[in-house]
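**Student:** Structure for this input, please:
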Amino acid sequence: MPRMALNDRRDELVEAAIRVMARDGVVKATTRAIVAEAGMTLGVFHYCFDSREELLKRVTATITERTIADARRVFTREGDLPDMIRASLRAFWGGVEANPGENLVGYELTQYALRNPGLEDVARLQYVQYLEANAEFLELMAKDAGIEWTIPLPTLARYVNAVLDGVTISWLADRESEDSLAVLDLLGDYLTEHSRPVG
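**Tutor:** Okay, the predicted model is just below:
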């Protein structure tokens, strides 16, 4: 095995874990399956991580950070408020459809963390990050469009998150893209209706 820095080995194991989980599910992502995917040995795994749980924490953080980074990339600040909302939601949705496996892993990891003592904070932090990102996007939209929201920002950010979560998990189950996009359009209408010009 070529020489590799510790952080690089950890990153390789995280990516291998994500591939195994996307293909086979979280339950089947055993330490042995992950190291086989990465082309490493169990000894290397235990050098990089104290436990499978530690790896799962890193995997959850990686997927969460990647999802938020993808949302930042597609967020548009052009046009009026309805145009900004629609374009951003459509671009977000393109990412969901392009990568269903990783989205499914994200949900599986949330459930796994909530079911396993000692990992509850992983799920909590995951959703804290999502809510903070939603609030950030709503603030940017309001500033660029010259509006303010008529619903408190924390509540509105949670509402957006709940809709995106719901439509994503529904799509993962039935792959009804047209209906999913219609739901996102309704979300856009709702946000527009709960805005007003500043001043």
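**Student:** Which secondary structure element is home to residue 124?
**Tutor:** Element membership for residue 124, per DSSP states H and E: helix 120-145.
**Student:** now that helix: how far from the chain's centre is it?
**Tutor:** 11 Å (Cα atoms, centre = their mean, to the nearest Å).
**Student:** Rounded mean pLDDT for it, please.
**Tutor:** The average pLDDT within helix 120-145 is 91.
**Student:** Which other helices and strands does it contact?
**Tutor:** In terms of contacts (3 or more Cβ pairs under 8 Å, 6 or more residues apart in numbering; DSSP states H and E), helix 120-145 is packed against helix 52-74, helix 81-98, helix 100-115, strand 147-149, helix 153-174. Placement of C-beta: from N, CA and C, glycine included.
**Student:** out of these, which comes closest to residue 25?
**Tutor:** helix 100-115 (6.6 Å; Cβ to Cβ).
**Student:** For the closest one, output the C-alpha coordinates as PDB.
**Tutor:** Taking C-alpha atoms only, helix 100-115 is exported to PDB below (Å, rounded to 0.1, in the frame of the first residue of the first chain):
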ATOM      1  CA  PRO A 100     -30.200   9.100  -4.700                       C
ATOM      2  CA  GLY A 101     -27.800   6.700  -3.000                       C
ATOM      3  CA  GLU A 102     -26.100   9.300  -0.900                       C
ATOM      4  CA  ASN A 103     -29.400  10.900   0.100                       C
ATOM      5  CA  LEU A 104     -30.700   7.500   1.200                       C
ATOM      6  CA  VAL A 105     -27.500   7.000   3.300                       C
ATOM      7  CA  GLY A 106     -28.100  10.300   5.000                       C
ATOM      8  CA  TYR A 107     -31.600   9.300   6.200                       C
ATOM      9  CA  GLU A 108     -30.400   5.800   7.200                       C
ATOM     10  CA  LEU A 109     -27.600   7.400   9.300                       C
ATOM     11  CA  THR A 110     -30.000   9.700  11.000                       C
ATOM     12  CA  GLN A 111     -32.200   6.700  12.100                       C
ATOM     13  CA  TYR A 112     -29.200   4.700  13.100                       C
ATOM     14  CA  ALA A 113     -27.800   7.500  15.200                       C
ATOM     15  CA  LEU A 114     -31.200   8.100  16.900                       C
ATOM     16  CA  ARG A 115     -31.400   4.300  17.700                       C
END
